[in-house]
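Asker: I'll drop the sequence and a predicted model, then ask my questions.
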Amino acid sequence: DVTGSIDVVSAKALKEVPTANFQNALQGHAPGVDIQTVGTAPGSGAVIRIRGTRSVLGSNAPLIVMDGIPYGGNLNDINTDDIASLSILKDASATAIYGSRGSNGVILITTKRGTAGPGRVAYNGYYGIGTVMDKYPVFNGPEYIAMHNLAAPAGSVNGGYQSDELANMAAHKYTDWQDLMYQNSVKTNNYITVSGGNDGTTYAFGGGYYKETAVLPGQDYSRGSLRLSIDSKVTRWLRMGINSMNSLSIQNGAQFVNGGTMFPTLALSPLVSPYDSTGAIAFNPTGDANDKGGNYNPLLLKHNDGEWVDRKRILHTFNSLYAEANIWKGLKYRFNLGLDYSQEEDDQFQAADHYDGSTNPATDADPSFFRPQNGNHASVNNIDQWSYTAEHLLTYDRDFGKSRINFTGLYSIQQQQNHNTYASKDSMYSDQTEYFDMSQATPTPYAVVSGSEAKATIISYMARFNYAYDDKYMI
C-alpha cells in the first residue's frame with residue numbers, strides 16, 4: 001500500500017542515456033527531483049535535490065540506501081548496469097522511518113539478483129564518439145586586427161604587434177586555437193553477467209569496464225567493477241544471501257587541467273603561429289609582450305611527458321549480507337549486515353619550468369605549462385573511509401478477511417570512520433621523483449602537512465504499525 005509520494009525508475013529507463021553514473025542517468029525521469037551536473041570533466045558527479053533546498057547551513061543531499069544498507073561512498077562507484085530499480089521517497093510519510101536522515105528525501109537502490117533457471121550469459125556494451133557542438137564565439141583574424149588597431153597605443157612599435165603577428169598578417173595566415181585544442185571524445189561501456197540457479201540457490205556474477213575521455217586533452221575517467229550476489233534457501237524456514245560490489249576508478253585531469261586549458265585557448269591571438277619554423281610547438285605564442293613570461297602554448301598539454309600529474313584513484317568495496325527466518329505465520333525475523341570500505345588517493349604534480357626564454361629552439365629546455373617561471377610542486381592526499389551497519393528487524397504481516405495488519409520493529413547500529421593525511425611540497429631536487437618522494441627537496445619552503453580523523457555512531461530504534469481495511473482505508 002502506497003500512501004506517500006514515491007517514484008520508481010526502472011533499469012531500462014536508466015540505460016537510455018550512456019553515462020558514468022546513475023545521477024546523470026536519472027535526469028528527467030522523476031518529477032520534483034532536480035539534478036545538476038558538477039563540472040564537465042569525465043566522471044564528474046551531480047548534485048541531487050528532492051523537492052528543493054531544505055537547509056541553509058546543513059546538507060541537502062538525499063539519503064542513499066542500497067539493498068537496505070545506507071550507502072556513504074562515491075556515487076560514481078555504482079555501476080548503472082547493476083541497478084534493477086530505483087525508488088525515490090519524497091514526502092514525510094515515505095521518509096519517516098529514516099528519521100532526520102530522511103529529511104532531504106531518500107533514494108532506494110535495488111541491485112540485480114540471480115533468477116532460477118539454466119545458466120545465462122548476457123553482454124551489454126556501447127561505443128560512442130563525441131564532438132564539440134558549438135565553439136565559443138571569439139574574434140577571427142580580421143576582427144582581431146580591427147579591435148587591436150582601435151586599442152593600440154599611439155606611437156607604439158609596429159602598432160603593438162609582435163613580429164610573428166606581422167608576418168602572418170602579411171600572409172593572411174590565422175590560427176583557430178579551438179580547432180587545434182579540441183579533439184573527439186570517446187565513451188565506451190562493456191558489461192557481462194552470468195546468472196542462474198535453481199529453486200534453492202540463485203546466483204549472479206558480473207564484471208564491467210567503463211571509459212570516457214574529453215574533448216580537451218588530459219582528461220579521462222575509467223572504472224572497472226566486479227559484482228557477486230548469491231541467495232540461498234538453506235532450510236524450509238531460513239534464507240540467506242550475500243551481495244558484493246567492488247570497483248576501481250581512476251580520474252585524470254579533473255582538478256586543474258580544465259580551467260588551465262580554456263583560458264589560453266580563448267585568449268590567445270589568432271595572428272600568432274602555434275608552431276615554429278621547424279614544426280615544433282612554439283612555447284610562447286602570444287601577441288602581448290606583457291604575457292610572454294606567464295603563459296605557454298596550451299598545445300603542450302597534448303604532449304605530456306611527465307610534466308604534470310592530476311589523478312584521483314578510488315578503490316571501493318560495498319558488501320551486504322542477510323539472514324531471514326520465518327518464525328510463525330506472517331512473523332519473520334531478518335538480520336542485515338553491511339560492510340563498506342573505500343580508499344582514495346589524490347595525486348598532484350607540476351614540473352618545474354625549465355624554459356630559458358631563448359628564441360633558438362636548440363637551446364630551449366622544457367617549459368612547464370602549469371608552473372611558468374616557478375619550481376615544481378607536488379601533493380598527495382590519502383583518504384580512508386569504512387563503515388558497518390547491523391540491523392535486526394521483526395515483521396508481522398497478516399490478512400484477516402478484509403483487514404490487513406503490518407508491523408515492523410527495528411534495532412540498528414551504524415558506525416563510520418574517516419581518516420586522511422595530506423602533504424604538499426615545493427622545490428623537489430628532481431622532477432623525476434614527482435609526488436613519490438617529497439623528502440628529496442630543499443628545506444624551504446616548508447612542507448604543508450595535515451590530517452584528520454572522525455568517527456560517528458548511530459543507534460536507531462523504529463516501530464511502525466499499519467492497519468488497512470478493504471484496500472480503501474489505512475491507519
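Answerer: Everything's here; your move. Bear in mind that the values here come from a model prediction, so they are computed numbers and not experimental data.
Asker: N420 reaches A454, doesn't it?
Answerer: No: look at N420 against A454 with CB atoms under 8 Å: they stay out of range, at 9.3 Å. (Glycine included, C-beta is placed from N, CA and C.)
Asker: between those two, which one's more packed in?
Answerer: N420 (16 against 10; other CB atoms under 10 Å).
Asker: what packs against the helix or strand harbouring that one?
Answerer: Element membership for N420 (DSSP states H and E) is strand 403-426. Judged by 3 or more CB pairs under 8 Å, 6 or more residues apart in numbering; DSSP states H and E, strand 403-426 is in contact with strand 377-400, strand 448-469.
Asker: which parts of the shortest one are buried?
Answerer: Residues of strand 448-469 classed as buried under the neighbour-count rule (16 or more other CB atoms under 10 Å) are A468.
Asker: got the angle between it and strand 377-400?
Answerer: Angle of strand 448-469 versus strand 377-400, following axes from the mean of the first three to the mean of the last three CA atoms, to 10 degrees, is 10 degrees.
Asker: Name the strands paired with strand 448-469 and say parallel or antiparallel.
Answerer: Here strand 448-469 has these sheet partners by DSSP bridges: strand 403-426 (antiparallel), strand 473-474 (antiparallel).
Asker: Can you tell me which of the ones you listed is packed in deepest?
Answerer: strand 403-426 (a mean of 16; mean count of other CB atoms under 10 Å).
Asker: picking up where we left off before, average model confidence for the strand holding N420?
Answerer: Average pLDDT, strand 403-426: 95.
Asker: leaving aside the residues next to it on the chain, what's closest to K15?
Answerer: T80 (6.6 Å; CB to CB, 6 or more residues apart in numbering).
Asker: ok, the closest residue to V33 other than its chain neighbours - contacts?
Answerer: In this structure, V33 finds its nearest non-sequential neighbour in I50, 5.5 Å apart by CB to CB, 6+ apart. Neighbouring residues of I50 by CB atoms under 8 Å, 6 or more residues apart in numbering: 32-34, 62, 88, 90, 104-105.
Asker: Kindly report the same for N60.
Answerer: N60 makes contact with 49, 53-54, 104, according to CB under 8 Å, 6+ apart.
Asker: which of those lies closest to G68?
Answerer: N104 (19.0 Å; CB to CB).
Asker: okay but the closest one is in contact with L63, surely?
Answerer: Yes: counting by CB under 8 Å, L63 is a contact partner of N104 at 7.0 Å.
Asker: related to what we said a few turns ago, from the chain's centre, how far out does the strand holding N420 sit?
Answerer: Offset of strand 403-426 from its chain centre (CA atoms, centre = their mean, to the nearest Å): 21 Å.
Asker: same question, stretch 193-202
Answerer: So, by CA atoms, centre = their mean, the centroid of stretch 193-202 is 32 Å from its chain's centroid.
Asker: What average pLDDT does that stretch get?
Answerer: Mean predicted lDDT for stretch 193-202 stands at 92.
Asker: mind listing what's buried in that stretch?
Answerer: Buried residues in stretch 193-202 (16+ other CB under 10 Å): 193, 195-197, 201-202.
Asker: Quote the end-to-end distance of it.
Answerer: 13 Å (CA to CA, to the nearest Å).
Asker: residues in contact with it?
Answerer: Contacts to stretch 193-202, defined as CB under 8 Å, 6+ apart, come from residues 81, 112-122, 203-206, 230-233.
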